[in-house]
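Trainee: no sequence on this one, just coordinates:
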């Protein structure tokens, strides 16, 4: 289980103006977090992922920015209007319960190679505990805040189109997005759990309730 002071997961469709956050991290973001702890690139082939993400509150953060421009000589210069103010929607006191099927990654969280982040580099997180549990298949159960590829009318959240992962193996080139999926990201500001009957549900052996389940993500094949 990871915890932090703040979290921000940039919405893929916001470029300018107030920056809004997705309700939960995407699966590509979590692969990046695992890779940071492992000190090497962890791909979708290495593990399946389940998670629950929650926070105590959310609000708009103000951040001072440096505005720059390129002059007629092609030189990067400070903008004549000076510094700017960026508004960003962030989550406070976030908690991430992360479930991985590859138990060889346990060492990566017991002795992380670098600091895990919940979004931006300043959204640093710490690891409260790591333990091995059993995930027991279930057909139905009560699901907490996560991201699922099945639209559920009884659950409030945001419908998103997100890449499953990014390839960043060619030096000097930008990242290449993997296949895209449509997801329902559940709101993290409530402790409510929702009754669902969808594929890939599992009951964690350390859950507080016998009816609690998580969704274990099935990767989209490239």
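Mentor: Here it is on my side, so go on. All values reported here derive from a predicted model rather than from experimental measurement. Numbers count the residues shown, from 1 in each chain.

Trainee: OK, contacts around the most centrally placed residue in the chain?
Mentor: Nearest to the mean C-alpha position of the chain, counting by Cα atoms, centre = their mean, stands residue 25 at 1.8 Å. Residues in contact with residue 25 (Cβ atoms under 8 Å, 6 or more residues apart in numbering) are 7, 9, 33, 51, 53, 96, 118, 119, 147. The C-beta positions use only the backbone N, C-alpha and C, and glycine is treated the same way.

Trainee: where does this protein dip in pLDDT?
Mentor: Judged by pLDDT under 70, the chain has its weakly predicted residues at 222.

Trainee: longest helix in this structure, by residue count?
Mentor: helix 27-38 (DSSP state H).

Trainee: Okay, residue 124 and residue 42: tell me how far apart.
Mentor: 19 Å (Cβ to Cβ, to the nearest Å).

Trainee: What of residue 170?
Mentor: 18 Å.

Trainee: So between these two, which is more surrounded?
Mentor: Set residue 170 next to residue 42 and count neighbours by other Cβ atoms under 10 Å: residue 42 wins out with 23 against 9.

Trainee: which SSE is that one in?
Mentor: Of the helices and strands defined by DSSP states H and E, none includes residue 42.

Trainee: Repeat that for residue 51.
Mentor: Counting by DSSP H and E, the element that carries residue 51 is strand 49-54.

Trainee: Repeat that for residue 182.
Mentor: Going by DSSP H and E, residue 182 is in strand 180-186.

Trainee: what element comes up after that strand heading to the C-terminus?
Mentor: strand 194-196.

Trainee: which other helices and strands contact the very next helix or strand once past that following strand?
Mentor: Following strand 194-196 in sequence order, the next helix or strand is strand 201-204 (DSSP H and E). Counting contacts by 3 or more Cβ pairs under 8 Å, 6 or more residues apart in numbering; DSSP states H and E, strand 201-204 packs against strand 135-138, strand 141-143, strand 212-215.

Trainee: mind redoing it with 7 Å?
Mentor: Judged by 3 or more Cβ pairs under 7 Å, 6 or more residues apart in numbering; DSSP states H and E, strand 201-204 is in contact with strand 135-138, strand 212-215.

Trainee: winner for burial among those?
Mentor: Of all the helices and strands packed on strand 201-204, strand 212-215 carries the top mean neighbour count, a mean of 23, counting by mean count of other Cβ atoms under 10 Å.

Trainee: ok, residues contacting it?
Mentor: Strand 212-215 is contacted by residues 50, 52, 99, 138, 141-143, 146, 148, 193, 198, 200-204 when judged by Cβ atoms under 7 Å, 6 or more residues apart in numbering.

Trainee: One more: stretch 38-56?
Mentor: For stretch 38-56, using Cβ under 7 Å, 6+ apart, the contacting residues are 7, 24-25, 27, 30-31, 34-35, 91-102, 105, 108, 113-114, 144-146, 164-165, 188-189, 191, 202, 214-217, 219.

Trainee: quick one: buried residues of it?
Mentor: Residues 38, 42, 44, 46-55 are the ones in stretch 38-56 that count as buried (16 or more other Cβ atoms under 10 Å).

Trainee: try stretch 167-179
Mentor: residue 178.

Trainee: Any idea how far apart the tips of that stretch sit?
Mentor: One end of stretch 167-179 to the other measures 11 Å (Cα to Cα, to the nearest Å).

Trainee: Likewise for stretch 195-214?
Mentor: Start-to-end span of stretch 195-214 (Cα to Cα) is 11 Å.
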